[in-house]
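Engineer: Sequence isn't available, so here's the structure alone:
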Ligand SMILES: [Zn+2]
């Protein structure tokens, strides 16, 4: 299989209608397991099933971001989890989406990624230097050894792909084709 730049690595349509649903579902499960254990509230065992259900309605079904955020925020509130639960819920959804993209990227053996998203007033320097640029997989993995403001503790070469710039980061690391990387150039920083 060849990766096309138009491939949507996170489908928000209805994967359940796809003839490949079983395969997609097992990738989604793997992504969930990878990301779920990184959340502090994963220690509350009875939360796992309902959170998985909500995220799968989003990734496999037809629930949109707002609806998913609302349901997840409500659930976290119900369990009296400390902090702003809508903020936490938004973080869970973003990280899950990124983890799901990473699973697919591994499957396609993708070697190049774009640091995607936009720059806003309070975007951190780490993100500003990288946004819109293409980087090789090795380069991105090496970022986990750097220190920067907002970095999540214990960021490693594997989870950097869904943690990105750290807490509250709105960016994502999205797969691109080798062809695109070579024509645009990669591993170039913008200060
Ligand atoms: Zn960011």
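Structural biologist: Okay, I see it. This is a predicted model, so every value here is computed, not measured.

Engineer: Just the pLDDT for residue 2.
Structural biologist: Per-residue confidence (pLDDT) for residue 2: 44.

Engineer: Please look at residue 59 and residue 27 and confirm they touch.
Structural biologist: No: Residue 59 lies out of contact with residue 27 (CB atoms under 8 Å); the separation is 9.9 Å. In short, each C-beta sits where N, CA and C put it, glycine included.

Engineer: Name the residues contacting each of those two.
Structural biologist: Counting by CB atoms under 8 Å, 6 or more residues apart in numbering, the contacts common to residue 59 and residue 27 are residue 100.

Engineer: Is the residue nearest in space to the middle of the chain in a helix, a strand, or coil?
Structural biologist: Closest residue to the average C-alpha location of the chain: residue 98 at 1.5 Å, with CA atoms, centre = their mean. Secondary structure, DSSP: H, G, I helix; E, B strand; the rest coil: residue 98 is helix.

Engineer: same question, residue 82
Structural biologist: Residue 82 falls in the coil class when you classify it by three-state DSSP.

Engineer: That one and residue 169, how far apart?
Structural biologist: Distance of residue 82 to residue 169, computed by CB to CB, to the nearest Å: 21 Å.

Engineer: And these two? Which one has more around it.
Structural biologist: Comparing residue 82 with residue 169 by other CB atoms under 10 Å, the one with more neighbours is residue 169, at 21 against 9.

Engineer: can you tell me which helix or strand the more buried one belongs to?
Structural biologist: Using DSSP states H and E, residue 169 maps to neither a helix nor a strand.

Engineer: Show the contacting residues for the nearest residue to it once chain neighbours are set aside.
Structural biologist: Leaving out its chain neighbours, the residue that sits closest to residue 169 by CB to CB, 6 or more residues apart in numbering is residue 127, at 6.3 Å. By CB under 8 Å, 6+ apart, the contact list for residue 127 reads 115, 117, 119, 164, 165, 169, 171.

Engineer: could you list every residue that touches the third one?
Structural biologist: If a contact means CB under 8 Å, 6+ apart, then residue 119 has 127, 128, 131 as its contacts.

Engineer: Show me the helices in this protein, by range?
Structural biologist: In the chain, the helices defined using DSSP state H lie at 21-36, 48-59, 65-78, 85-107, 125-130, 137-142, 160-163, 178-184.

Engineer: could you dump these to CSV with mean pLDDT and distance to the ion?
Structural biologist: Compiled in CSV, those are given as follows (pLDDT from 0 to 100; distance: least, CB to the ion, whole Å):
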stretch, mean pLDDT, distance to the ion
helix 21-36, 87, 17
helix 48-59, 92, 21
helix 65-78, 91, 18
helix 85-107, 83, 10
helix 125-130, 93, 3
helix 137-142, 96, 13
helix 160-163, 87, 10
helix 178-184, 90, 20
